[in-house]
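**Q** I'd like to go over a predicted model; first the sequence, then the structure.
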Amino acid sequence: MIQPGDLMHKRFVAGVVAVWLGSVAPAGAAQDIARTYRDDADRLIDAALADSAAYGRLTELVDRFGPRFSGSANLEHAIDWILGQMQDDGLQNVHGEPVMVPHWVRGRESVELLEPRRRALPMLGLGGSIGTPPEGIEGPVLVVRSFEELHERADDARGKIVLYAPTWVNYGVNVRYRRNGAIEAARVGAIGSLIASAAAYSIQTPHTGGMAYDPDVPRIPHAALTTEDAAMLLRMQERGQRIYLRMTMAARTLPDVESRNVVAEIVGREHPEEVVVLGGHIDSWDVGQGAMDDGGGSVAAWEAVRLMAKLGLQPRRTVRVVLWTNEENGLAGGRGYLAAHRDEVEHHVLAMESDGGVFKPRGFGFGGSDAAFAIVQEIGTLLQRIESGTLTRGGGGADIGPLMRQGVPGMGLQVDESRYFWFHHTDGDTIDKLDPEEMARCVATMAVMAYVVADLPDPLPRN
């Protein structure tokens, strides 16, 4: 990071403040950006909307390789294919950067309701969970709506399988039961734990995801049921019926294995050492196809850079697309990227991430200085024709988080997420849930923002 005492930095910030900051010159600044970059922005938008190339490439990726879980052959074969395709696209400095990633294996698994009637319950083990003994575990069930209720009924929970069936609020609230449910259930002596999937809508589709253990608390198996079945079991309990089930999981954690972050560039024509990085995470959970989460974001970023190269747009700074590995169950890719490029961090001008599905884009959430925010807001005016130029405060992403904590401005693509958590982390995350035109708009939005930031006369100010 540039130090405050750096003379060049002081001059740069002074110049930025004079031109961009405050209410004196925003209209003129917007006109300058519009006048300078309108033609290039329109070319990128037109190229992105001309066909469904991005959707077609994503379709091939997910159909060829399916889910791409960390530690799997699917992921590594997909990375090999992507590297070859990027070479064919004519991108520069195409390579994989080694990263060690965790290797959790699901194995065979099931939950069977034994009382008050027999029924196989759709379920998915949660990533990182231990398995059960081969014969499974059996026990009565205690259904609770919250951690508070669990601890109020701690005596009732001992020796039972706890099921969390909270009212849906939002993902941020409900995902707590996935993350910490096994810890809290084990604290009160439960032998296993289940959650209602963190989802607003379901057609008997369980949702997987990461979970945690506490080294000071016994580890118990942890899995997700569908929201429908969790609600049914809650109703049974409220009627006073005895609920008894069997839970079987062959899950295990193997030693870490090597994976790779995928990297490709358009090298800057004037300041190649300065970098705008954009991307998504190429790994997914081991169910569905990982089309939304996050094959779509990865391919959209890749396509944005490919279109720049195709159109002969070489910005002043380097534009680098990175497809991070292991976002889903470890974040090793984001940390590994920072470790591999630590000497370059002060020259990272912007980090951009797409990890919310490639639905209709609205704009970006931005994390950075007020002066930089004013600039990206003006760049957003170039996206008004496709209604994706809204910039809001607060944004970023899990994989660019390590860079942002080092002071790099960051932004996350914002889209219409109304259907995202219907399919997130499920067997339903498949290509048919996405729309080619909406994905093309995501490509255009990322391409315009990344290109203009990379080509501005001065880098985005950090302070």
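**A** Yes, it's here.

**Q** can you count the residues close to Met249?
**A** Residues contacting Met249 under the criterion other Cβ atoms under 10 Å number 25. For glycine as for every other residue, the C-beta is placed from the backbone atoms N, C-alpha and C.

**Q** who touches it in this structure?
**A** The contact partners of Met249, by Cβ atoms under 8 Å, 6 or more residues apart in numbering, come to 107, 109, 125, 129-132, 136, 221, 223.

**Q** surely Ala300 meets Met439?
**A** Yes. The pair formed by Ala300 and Met439 meets the contact definition of Cβ atoms under 8 Å, at 6.3 Å.

**Q** Could you list the domains of the chain?
**A** Under automatic domain parsing, the residue ranges defining each domain of the chain are 24-104+255-455, 107-250.

**Q** Arg462: which of those domains is closest?
**A** Closest approach to Arg462 among the domains of the chain is made by domain 24-104+255-455 (5.4 Å; Cβ to Cβ).

**Q** Show me how far that closest one is from its chain's centre.
**A** Averaging C-alpha coordinates over domain 24-104+255-455 and over its chain gives two centres that are 11 Å apart (Cα atoms, centre = their mean, to the nearest Å).

**Q** Start the count at 300 instead of 1 going forward.
**A** Yes, from this point I'll number from 300; that puts the last item at domain 323-403+554-754.

**Q** When Ala599 and Met738 are compared, which one has more neighbours?
**A** Using other Cβ under 10 Å as the criterion, Ala599 and Met738 rank with Ala599 on top: 32 against 29.

**Q** hang on, the more buried one is in a strand, isn't it?
**A** No. Using DSSP: H, G, I helix; E, B strand; the rest coil, the assignment for Ala599 is helix, not a strand.

**Q** ok, now which ones touch it?
**A** 353, 579, 653, 657, 712, 738, 741-742, 745.

**Q** Can you pull out the low-pLDDT segments for this structure?
**A** Residue ranges of the chain with pLDDT under 70: 300-330.

**Q** Could you grab the helix/strand/coil label for the residue nearest the centre of the chain?
**A** The centre of the chain sits closest to Asp654, judged by Cα atoms, centre = their mean, with a distance of 3.6 Å. State at Asp654, reduced to three classes by three-state DSSP: coil.

**Q** quick one, what contacts it?
**A** By Cβ under 8 Å, 6+ apart, the contact list for Asp654 reads 579-580, 592-593, 596, 626, 696-698, 711.

**Q** Likewise for Leu681?
**A** 332-333, 336-337, 340, 688, 747, 751.

**Q** now do Asp734
**A** Contacts for Asp734 (Cβ under 8 Å, 6+ apart) come out as 658-659.

**Q** Pro415 versus that one, what's the distance?
**A** Asp734 sits 44 Å away from Pro415, taking Cβ to Cβ, to the nearest Å as the criterion.

**Q** so Thr725 sits in a helix?
**A** No. If the criterion is three-state DSSP, then Thr725 is coil and not within a helix.

**Q** does the residue nearest to it when sequence neighbours are not counted sit in a helix, a strand or a coil?
**A** Spatial nearest neighbour of Thr725, excluding adjacent residues (Cβ to Cβ, 6 or more residues apart in numbering): Thr504 at 4.7 Å. Following three-state DSSP, we place Thr504 in the coil state.

**Q** Now do the helices in the stretch 500-649 of the chain.
**A** Here the stretch 500-649 of the chain has its helices, by DSSP state H, counting those that start in this stretch, at 526-537, 596-609, 631-639.

**Q** Now do the buried residues in the longest helix seen in the chain.
**A** When the chain is parsed with DSSP state H, its longest helix is helix 325-348. By 16 or more other Cβ atoms under 10 Å, the buried positions in helix 325-348 come out as 328-329, 332, 336, 339-340, 342-344, 346-347.

**Q** Those residues: which two are farthest apart?
**A** Ala328 and Ala346 (26.4 Å).

**Q** residues touching the closest residue to Met591 other than its chain neighbours, list them.
**A** Leaving aside its chain neighbours, Met591 sits nearest to Gly656 (4.2 Å; criterion: Cβ to Cβ, 6+ apart). Under the criterion of Cβ under 8 Å, 6+ apart, the contact list for Gly656 reads 591-592, 595-596, 714, 716, 718-719, 733.

**Q** one more time with 7 Å, if that's ok
**A** 591-592, 595, 714, 716, 719 (Cβ atoms under 7 Å, 6 or more residues apart in numbering).

**Q** shared neighbours of Ala599 and Met738, anything?
**A** Joint contacts of Ala599 and Met738 (Cβ under 7 Å, 6+ apart) are 353, 657.

**Q** and Ala563, how far is that from Tyr636?
**A** In terms of Cβ to Cβ, Ala563 sits 14 Å off from Tyr636.

**Q** Now list the buried members of the contacts of Gly656.
**A** Burial by neighbour count, 16+ other Cβ under 10 Å: within the contacts of Gly656 this picks out 591-592, 595, 714, 719.

**Q** Select, from the residues you listed, the two members most distant in space.
**A** Asp592 and Val714 (12.2 Å).

**Q** Could you single out the most deeply buried of the domains of the chain?
**A** Neighbour counts (mean count of other Cβ atoms under 10 Å) averaged over each of the domains of the chain peak at domain 323-403+554-754, with a mean of 21.

**Q** Closest to Pro465 out of the buried ones among the contacts of Gly656?
**A** Lowest distance from Pro465 to the buried ones among the contacts of Gly656 (Cβ to Cβ) belongs to Tyr719, with 19.7 Å.

**Q** so Asp593 touches His580, yeah?
**A** Yes. Using Cβ atoms under 7 Å, Asp593 makes contact with His580 at a distance of 4.8 Å.

**Q** wait, what's in contact with the closest residue to Thr466 other than its chain neighbours?
**A** For Thr466, ignoring the flanking residues on the chain, the nearest one in space by Cβ to Cβ, 6+ apart is Arg444 at 6.9 Å. Neighbour list for Arg444: 464-466 [criterion: Cβ under 7 Å, 6+ apart].
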